[in-house]
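In: sequence first, then the predicted structure, then my questions.
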Amino acid sequence: MEKLPTFSILESSQWSDYELLDSGDGLKLERFGSYTFVRPEVQAMWHRRWTNQEWNSAHAVFHPTNEESGGHWELKKKIPERWEMKYPIASAPSSIGKEAGPGEIRFWAMTTPGRHLGVFPETAPHWDFMAELIRRTLRPVKVLNLFGYTGLASLVAAQAGAQVTHVDASKKSVTWARENQSLSGLNEKPIRWIVEDALKFVQREGRRGSRYDGIILDPPKFGRGPKGEIWEVYKSLPHLLDGCRQILTDNPLFLILTIYAVKASAIHLGQLMQEAVSDPTGSLECGELVTREKSAGRLLSQAVFARWSSRPSQP
Ligand SMILES: C[S@@+](CC[C@H](N)C(=O)[O-])C[C@H]1O[C@@H](n2cnc3c(N)ncnc32)[C@H](O)[C@@H]1O
């Protein structure tokens, strides 16, 4: 019988530039840098703790047209077109030739038509996890970031000393990611920026014999490649993970998968991941990425994840 993955709740506690202030009644109130935003959050079924006055003082409110996507921002107060935020990477032992100790990445945040602001703060525990694995490894490390969006995972990996390949279907997102690279002062770091369909890219790398020590992927439920290639998570993900398995090195460091807003249990992702790595010596973990609200300390689950690392499980 196969060993079941460990189940974990991962919470990021390090952000000074991000806070979930309150949640409830299908909404969340968050702070990104100095600005506060109200966004829909259907799973926040409980009641808000802060007063209407506190909620009404938000800088902007997102009004969705439907649950999945689309809608518009209503600006209540003046905010800049974009503003700077930073994330301090947790400290970890450094290895020869790798960046010493903890670091920081800087990036631009802004309101976008798809309700997002250029960062998914709840994925930060994966960044720390990945940075530590990269720093602890003495050999050069190659990392692939699929569906890389604004590049934050790519910058964390590069800062920790990896050679990074970043893939996203959107030219606009890749431009934003490159601006974040400059803002972080990481222009000298080896990052390949690629506008491509993630599945096509992985399959091509497989044929070319390219190999990666670590892969991080954050696929959307539905997406399109630059040539209209259709990404549909339930159908496409098994093919993508098959491809990932082929391009991992013989002695890989990690495979990290996060999924938002889908009806998928973390256990199912963990079991899917089990097939993709088939290495009994590492540790396989699955669970939920959460943020804790400031108002009442309730946890808001934002995504499910599964991740494998070569580091053996804790006894
Ligand atoms: C960060 S991911 C997912 C974000 C978030 N987890 C969500 O569900 O909205 C979104 C990124 O995937 C990219 N994307 C969508 N379809 C893609 C595809 N077929 N190949 C590569 N990237 C794709 C988008 O351009 C976007 O930057």
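Out: Structure received.
In: end to end, how far does stretch 42-57 reach?
Out: 21 Å (C-alpha to C-alpha, to the nearest Å).
In: actually stretch 59-75, not the one I typed
Out: End-to-end distance (C-alpha to C-alpha), stretch 59-75: 6 Å.
In: hmm, who's touching it?
Out: Contact with stretch 59-75 is made by 35-40, 42, 76-77, 79, 111, 113-115, 221, 261, as judged by C-beta atoms under 8 Å, 6 or more residues apart in numbering. For every residue, glycine as well, the C-beta is placed using N, CA and C.
In: now find how far off-centre it is within its chain.
Out: Relative to its parent chain, stretch 59-75 has a centroid offset of 22 Å by C-alpha atoms, centre = their mean, to the nearest Å.
In: now that stretch: average pLDDT?
Out: Computed over stretch 59-75, the mean pLDDT rounds to 88.
In: hmm, that stretch in reach of the ligand?
Out: No. Applying C-beta under 6 Å from any ligand atom, one finds stretch 59-75 separated from the ligand by no less than 8.2 Å.
In: then stretch 201-211?
Out: No. Stretch 201-211 lies apart from the ligand when judged by C-beta under 6 Å from any ligand atom; the minimum separation is 7.6 Å.
In: now that stretch: buried residues?
Out: 201-203, 205-206 (16 or more other C-beta atoms under 10 Å).
In: next SSE downstream of the one helix or strand Q53 maps to?
Out: Using DSSP states H and E, Q53 sits within helix 52-56. Downstream of helix 52-56, the first helix or strand assigned by DSSP H and E is strand 60-64.
In: with the buried residues of stretch 201-211 in mind, which one is nearest to the ligand?
Out: Distance ranking of those against the ligand, using C-beta to the nearest ligand atom, places F201 first at 7.6 Å.
In: what helices and strands are in contact with the strand or helix carrying that closest one?
Out: Assigned by DSSP H and E, F201 belongs to helix 198-208. Counting contacts by 3 or more C-beta pairs under 8 Å, 6 or more residues apart in numbering; DSSP states H and E, helix 198-208 packs against strand 142-146, strand 163-168, helix 233-247.
In: give me the angle between the first one and helix 198-208.
Out: Right, the one you point to is strand 142-146. Here strand 142-146 runs at an angle of 150 degrees relative to helix 198-208 (axes from the mean of the first three to the mean of the last three C-alpha atoms, to 10 degrees).
In: with only the CA atoms kept, save stretch 225-234 in CSV.
Out: Provided in CSV are the C-alpha atoms of stretch 225-234 (Å, rounded to 0.1, in the frame of the first residue of the first chain):
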residue,chain,number,x,y,z
GLY,A,225,-1.2,29.7,-24.1
PRO,A,226,0.1,32.4,-26.4
LYS,A,227,-1.1,30.6,-29.5
GLY,A,228,-4.5,29.9,-28.0
GLU,A,229,-3.5,26.5,-26.5
ILE,A,230,-6.2,25.6,-24.0
TRP,A,231,-5.3,24.8,-20.4
GLU,A,232,-8.0,23.1,-18.4
VAL,A,233,-6.7,22.0,-15.1
TYR,A,234,-8.4,18.6,-14.6
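In: nearest residue to the middle of the protein?
Out: T123 (4.3 Å; C-alpha atoms, centre = their mean).
In: pLDDT wise, what is that residue at?
Out: With respect to pLDDT, T123 scores 96.
In: wait, it touches T258, no?
Out: Yes. Between T123 and T258 there is a contact under C-beta atoms under 8 Å: 5.9 Å.
In: identify each of the helices in the stretch 51-200 of the chain and give its residue range.
Out: Remark: helices assigned in the stretch 51-200 of the chain by DSSP state H, counting those that start in this stretch are 52-56, 124-136, 152-159, 171-183, 198-208.
In: what is the fourth one packed up against?
Out: Packed against helix 171-183, as judged by 3+ C-beta pairs under 8 Å, 6+ apart, are the following elements: strand 104-109, helix 152-159, strand 163-168, strand 191-195.
In: okay, now the unreliable bits of the stretch 101-250 of the chain?
Out: Scanning the stretch 101-250 of the chain for pLDDT under 70 picks out 101-102.
In: residues of it that sit close to the ligand?
Out: For the stretch 101-250 of the chain, the residues found near the ligand under the criterion C-beta under 6 Å from any ligand atom are 120, 147, 149, 167-170, 173, 197-198, 218, 220-221, 223-225, 229, 231.
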